[in-house]
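A.B. asks: any chance you could fold what I've pasted below:
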Amino acid sequence: MNYAFESDYAGPPRRRLYLWRDEEIPPGAPVNTVRGWGFAVSEFDSEGLEYPVFDTWEETLSEILRYPPIYGPGSIWRRSDTGEAVDISAL
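C.D. replies: Numbering: from 1, shown residues only. Next comes the predicted model:
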């Protein structure tokens with residue numbers, strides 16, 4: 001299953017939030033290799049150009065879920081590949 005999600009926040013400022021899970025750890029990877037979650041935020045200027053604002057990585061989804069309310073409170077999340085709405089707290 002694809003664990004990549006996006007959310008648009010109307011703002012102001014207008015933002016796009018990204019949330020994704022790392023790929024599976026490949027066979028032969030170093031023993032201390034861990035899998036986790038990434039979160040990133042971009043803002044749009046008056047011309048519609050997107051600029052990065054913040055990104056981070058955490059080992060667990062519960063840790064990463066503390067960031068979306070700060071950057072896009074109340075945002076609706078969608079699967080990046082299908083556009084299907086999803087409740088990220090239920091993952």
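A.B. asks: from here on, contacts and neighbour counts on C-alpha atoms
C.D. replies: Will do.
A.B. asks: need the pLDDT of the most centrally placed residue in the chain.
C.D. replies: By C-alpha atoms, centre = their mean, the chain has its centre lying nearest to Leu19, at 1.4 Å. pLDDT for Leu19: 97.
A.B. asks: one more: Leu49?
C.D. replies: At Leu49, the pLDDT value in this model is 97.
A.B. asks: give me the distance between it and Gly38.
C.D. replies: Counting by C-alpha to C-alpha, to the nearest Å, the separation of Leu49 from Gly38 is 22 Å.
A.B. asks: of those two, who's got more company?
C.D. replies: Gly38 (18 against 9; other C-alpha atoms under 10 Å).
A.B. asks: so what's Asp39 up against?
C.D. replies: Residue 39: Phe, not Asp. In this structure, Phe39 makes contact with Leu17, Tyr18, Leu19, Trp20, Asp55, Thr56, Trp57, Ile64, Tyr67, judged by C-alpha atoms under 8 Å, 6 or more residues apart in numbering.
A.B. asks: that one: which element?
C.D. replies: strand 37-44 (DSSP states H and E).
A.B. asks: how about the residue in the chain that sits furthest from its center?
C.D. replies: Computed with C-alpha atoms, centre = their mean, the maximum C-alpha offset from the centroid of the chain is found at Gly28, amounting to 27.5 Å.
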